[in-house]
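J.: Build the 3D model from these lines:
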Amino acid sequence: MRVLEKTALIVLSAVLLSSMALAYSNTDDLKVYKGEKADLGNYSFSYIDVPDRRLEISEERQDSRFILEQATFDELYGQGERMFDFPTENLWVRFNGLGWSDRGSYMNLTVSSDEDIFSDAKLTADVPRRVIAARGDEISVPLTLENSGTQNKTYNLSVNDLEGILVTYNYQGFNVSSIEVPAGEKFDITATIEVLESAKAQRTGIVFRGESSRNVTEEINLEVRGAEKTRQLDFEISENYITTWPGKQASLNVEFRNRGQAPITNLETDIQAPENWEVESRGLERPKDVLAQYDRYSDYYTVKVPGNVEAGDYYITVDPSSDNLDIEAKEIRVHVRTKSGLSYIGVGLIFVSLLGMGGTYWKLGRR
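T.: Now for the predicted structure:
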């Protein structure tokens with residue numbers, strides 16, 4: 001009977017332990033290594049090594065830390081499972097025993113709570129709280145996303161609604177909209193703030209967000225100063241009217257100059273010629289990704305006219321484009337002349353005239 005009573009008590013204790021853990025909505029296992037501390041929400045779990053080895057459970061309240069429980073190594077070792085219940089704090093902890101790994105010895109705990117203390121995370125920015133920018137500026141904000149919980153988490157990155165301001169996130173050279181951070185690790189990401197030329201002068205808060213089961217935010221204040229900048233691009237063509245012949249080629253030079261107050265980006269030139277005409281870049285100067293204020297550059301082209309083209313007027317269209325400016329295209333008139341035998345006739349007439357003059361001179365000379 002005593003054996004049965006003892007067995008029943010053990011089973012009853014296990015049931016009670018399990019039922020108390022199930023009373024809390026969030027449960028997870030936690031390893032606390034010797035000499036280290038694990039933080040879950042406002043709670044801390046420490047495996048203290050000196051002056052004596054012990055488990056310490058504490059809670060932070062209003063910038064003060066309160067010790068909830070201390071259990072020495074002698075009290076824990078060899079006792080198997082031991083349960084610590086803190087009803088007023090909605091916290092339940094079970095000591096499952098000691099373990100060893102390459103990092104050393106650790107206490108194996110099971111922790112339960114009504115709060116989601118296992119998804120704790122933090123997002124911090126390494127810039128002043130107030131940032132000043134002008135229209136057209138780009139600002140890089142270093143951010144650190146730390147997952148201090150016990151579970152791997154994927155965070156969706158976003159930002160609050162902003163007018164005239166774009167924000168993108170970058171991790172290891174790639175633009176990202178979400179990022180997975182393993183438990184206990186921190187990742188460094190960069191938020192790029194682009195102040196558009198159309199942005200109003202304003203003071204606004206930029207809220208960086210990492211959204212998961214536990215959302216994290218970080219806010220900085222941005223002040224946009226200065227009047228709105230204008231963009232203006234002038235471009236000139238070396239010849240507005242070209243005369244040529246079938247099978248010949250003509251040169252075409254196009255010069256660009258930024259006369260506005262803001263840079264012009266990704267400027268490209270499209271040359272639209274009649275069918276079967278060839279347009280080749282002479283490659284004397286490469287296009288620029290960014291054309292700064294008052295900067296200039298030129299495009300050089302060779303236009304080859306087909307040998308079988310009919311005489312008449314043709315048009316070549318020069319159509320520049322940029323990702324931040326509408327540019328009106330220009331046309332060049334090309335007049336193709338007909339090849340004829342008039343030149344040969346003229347040479348023949350001159351030759352006949354010379355023969356006639358020579359004959360007259362010869363006759364006069366004999367008299």
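J.: number of nearby residues for the residue nearest to K200 when sequence neighbours are not counted?
T.: Excluding the flanking residues, the one nearest K200 by CB to CB, 6 or more residues apart in numbering is G164, at 6.0 Å. Heads up, the C-betas are built off the backbone N, CA and C, glycines and all. If you count neighbours by other CB atoms under 10 Å, G164 ends up with 17.
J.: list the contacts for G164?
T.: 195-196, 198-200, 202, 224 (CB atoms under 8 Å, 6 or more residues apart in numbering).
J.: Among those residues, which has the minimum pLDDT value?
T.: Ranked by pLDDT, these bottom out at S198 (81).
J.: Tell me the spacing between that one and G136.
T.: 10 Å (CB to CB, to the nearest Å).
J.: Neighbour count for the two, which is higher?
T.: Taking other CB under 10 Å, S198 and G136 do not tie; G136 has more neighbours (18 against 11).
J.: Isn't V141 up against D188?
T.: No - contact status for V141 versus D188: not in contact, 11.4 Å apart, counting by CB atoms under 8 Å.
J.: Okay, now the unreliable bits of the stretch 151-300 of the chain?
T.: In the prediction, the stretch 151-300 of the chain carries residues with pLDDT under 70 at positions 227-228, 283-288.
J.: Looking at V141 and D188, which is more packed in?
T.: A direct count of neighbours by other CB under 10 Å for V141 and D188 places V141 higher, at 20 against 11.
J.: The more buried one: what's it in contact with?
T.: Here V141 is in contact with 125-127, 131, 190-193, 208, 220 (CB under 8 Å, 6+ apart).
J.: By neighbour count, sort out the buried ones in those.
T.: Neighbour counting by 16 or more other CB atoms under 10 Å classes 125, 131, 191, 193, 208, 220 among these as buried.
J.: Quick check: bridge partners of the second one?
T.: Read that as V131. With DSSP bridges as the criterion, V131 is bridged to L222.
J.: And for the third one?
T.: Assessed by DSSP bridges, A191 has beta-bridge partners V141, Y169.
J.: Contacts only, for it.
T.: By CB under 8 Å, 6+ apart, the neighbours of A191 are 125, 140-141, 143, 159, 167-170, 208.
J.: Go ahead and confirm Q249 touches Y301.
T.: No - the pair Q249 / Y301 is not scored as a contact, 10.2 Å apart, by CB under 8 Å.
J.: Quick check on these two: which one has the bigger neighbour count.
T.: Y301 (20 against 13).
J.: Which helix or which strand is home to the closest residue to the more buried one other than its chain neighbours?
T.: Among residues not flanking Y301 along the chain, L252 sits closest, at 4.3 Å (CB to CB, 6+ apart). Using DSSP states H and E, the element containing L252 is strand 249-258.
J.: Tell me if R209 really is in a helix.
T.: No - looking at R209 with DSSP: H, G, I helix; E, B strand; the rest coil, it is strand, so not inside a helix.
J.: how about the residue nearest to it when sequence neighbours are not counted, secondary structure?
T.: Spatially, and ignoring its direct neighbours in sequence, R209 is nearest to S158 (4.6 Å; CB to CB, 6+ apart). Put simply, S158 is strand when judged by three-state DSSP.
J.: okay, now S158: neighbour count?
T.: S158, neighbours per other CB under 10 Å, totals 16.
J.: With the one 5 residues further on instead?
T.: Other residues within reach of E163 by the criterion other CB under 10 Å amount to 11.
J.: repeat for the one 4 residues further on
T.: Here the neighbour count serves as a burial measure; for V167 (other CB under 10 Å) it reads 18.
J.: just so I have it, where are all the strands in the stretch 101-250 of the chain?
T.: All strands of the stretch 101-250 of the chain, identified by DSSP state E, counting those that start in this stretch, fall at 104-113, 121-125, 130-134, 138-147, 153-159, 165-171, 174-176, 178-181, 186-195, 202-211, 216-225, 233-237, 241-244, 249-258.
J.: Could you please name the strands the fifth one pairs with and the direction of each pair?
T.: Taking DSSP bridges as the criterion, strand 153-159 sits next to strand 178-181 (antiparallel), strand 202-211 (antiparallel) in its sheet.
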